[in-house]
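[1] Provide a 3D model corresponding to the input given below.
(one chain, ligands or ions: 2)
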Amino acid sequence: VKTSNSRLAEITSLFERAEKLLVVGHIAPDGDSLGSTMALARLLAQSGKEAHVACLDRIPARYEFLLRYYPVITHVDELPLAADCIVILDCGDLARTGLPAHYVAERQVINIDHHVSNRGTWGLSWVDDAYSATGQQIMSLVDHAAWQVDSGTATCLYASLTADTGFFRHTNTTPELFRDAARLLEWGADARLVTEQALERRSLGELCLLRHALTTLSLHGAEKVAMIEVSYEVAERCGIQADEVEDMVDFARAVPEVEVAILLKGMSPQVTKVSLRAKGRVDVSKVAETFGGGGHRAAAGATLPYGLAVARQEVLQRVMQVLKSD
Ligand code: 5GP
Ligand code: MN
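    Ligands and ions are numbered 1, 2, ... in the order given. Got it, this is the predicted structure:
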């Protein structure tokens, strides 16, 4: 990936002019959002800035280990009023920061992201979907600014690169991504810790959910579509939230004939989250966008104001339309 030096210079000069920065990712945080925000905050703090990280949502247990690398503001009333610059990372949609609109409106905003669905209409935007992870964009900034990366920062960035490539399995696992991951290991990233925590760990609640969820697997559209559901009630019985098993949708995608995999997650009796995955030609970000969500061609999501039964009907219908029109 090549980014013009002038774009990188524009961003680093805004960093230099700012004194107090808030770095924020997206709600429903993943390893890229958390890892890239913490890494950037560490780099800014290292160059003498006052840097804060905010994540205004529950941090999944698998990413709690990252909290040793940087403190995180989790409540709106803890946001630093003195911040003069907000850096938004890995977030295709301003509302997904969870920040109050007035808090954003009063400050300089920098938008660094790699989502195709990011319109880049707010603040100084650097959106490039050629990057596999936002953490990789941070590495371009590191190279441009000649920042030193210590082992803690390297570990945060490693969490970012692994999260968005599914630990080097997705099609965005490019030669350059491997080169960047190798550099992180050279800088002392604790790869074993990231793999053990972010990939391998499963709580008893997660295993309970997984066991129930797999019994709901259904096939549609001449077996080109597979769907798994987690009802709000089952999640409650297992003692966790329906979206806590990050890779559950992969079980639907695993079926060889399947082109689109759907995971429905009952967050409450009236709110259902959907995760969409595609193999081949289908662009599921388009489906997610019709529900006010977004994402990438092969992985997208949205939150629907419906219970599970209505959400199932609506999502299946839209997915079938997209399959037919291709
Ligand atoms: P997941 O299904 O793992 O939650 O999300 C897959 C991809 O879709 C991620 O890149 C995520 O950022 C994006 N995504 C999920 N839900 C939403 C949403 O509600 N809005 C937007 N804009 N993107 C989403
Ligand atoms: Mn990302």
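[2] For the stretch 51-200 of the chain, what lies in contact range of ligand 2?
    Residues of the stretch 51-200 of the chain lying close to ligand 2 (C-beta under 5 Å from the ion) are Asp90, Thr134, Asp164. In short, each C-beta sits where N, CA and C put it, glycine included.
[3] Can you tell me the closest non-neighbouring residue to the first one?
    Beyond its immediate neighbours in the sequence, the residue positioned closest to Asp90 (C-beta to C-beta, 6 or more residues apart in numbering) is Thr134, lying 3.9 Å away.
[4] where along the stretch 51-200 of the chain do the strands fall?
    Secondary structure of the stretch 51-200 of the chain (DSSP state E, counting those that start in this stretch): strands at 72-73, 85-89, 108-113, 124-127.
[5] ok, now how distant is the residue nearest to Asp90 from Gly266?
    Remark: distance between Thr134 and Gly266 (C-beta to C-beta, to the nearest Å) = 29 Å.
[6] Which residue of these two possesses the greater neighbour count?
    Set side by side, Thr134 and Gly266 show more neighbours around Thr134, with 31 against 25, by other C-beta atoms under 10 Å.
[7] dump the residue contacts of the more buried one.
    Asp32, Ser33, Ser36, Leu89, Asp90, Ile112, Asp113, His114, Ser160, Asp164 (C-beta atoms under 8 Å, 6 or more residues apart in numbering).
[8] ok, the residue nearest to Ala159 when sequence neighbours are not counted - contacts?
    Once flanking residues are discounted, Ala159 sits nearest to Gly35: 3.7 Å by C-beta to C-beta, 6+ apart. Going by C-beta under 8 Å, 6+ apart, Gly35 touches Leu66, Gly135, Cys156, Leu157, Tyr158, Ala159, Ser160, Leu161, Ala163.
[9] ok, and the helix or strand in the chain with the lowest average confidence?
    Lowest by mean pLDDT, DSSP states H and E among the helices and strands of the chain is strand 294-295, with a mean of 91.
[10] Buried ones in stretch 220-232, by neighbour count?
    His220, Lys224, Val225, Ala226, Met227, Ile228, Glu229, Val230, Ser231, Tyr232 (16 or more other C-beta atoms under 10 Å).
[11] now the helix or strand containing the residue nearest to Ala159, how far from the chain's geometric center?
    Using DSSP states H and E, Gly35 maps to helix 31-46. Put simply, helix 31-46 sits 14 Å off its chain's centre (C-alpha atoms, centre = their mean, to the nearest Å).
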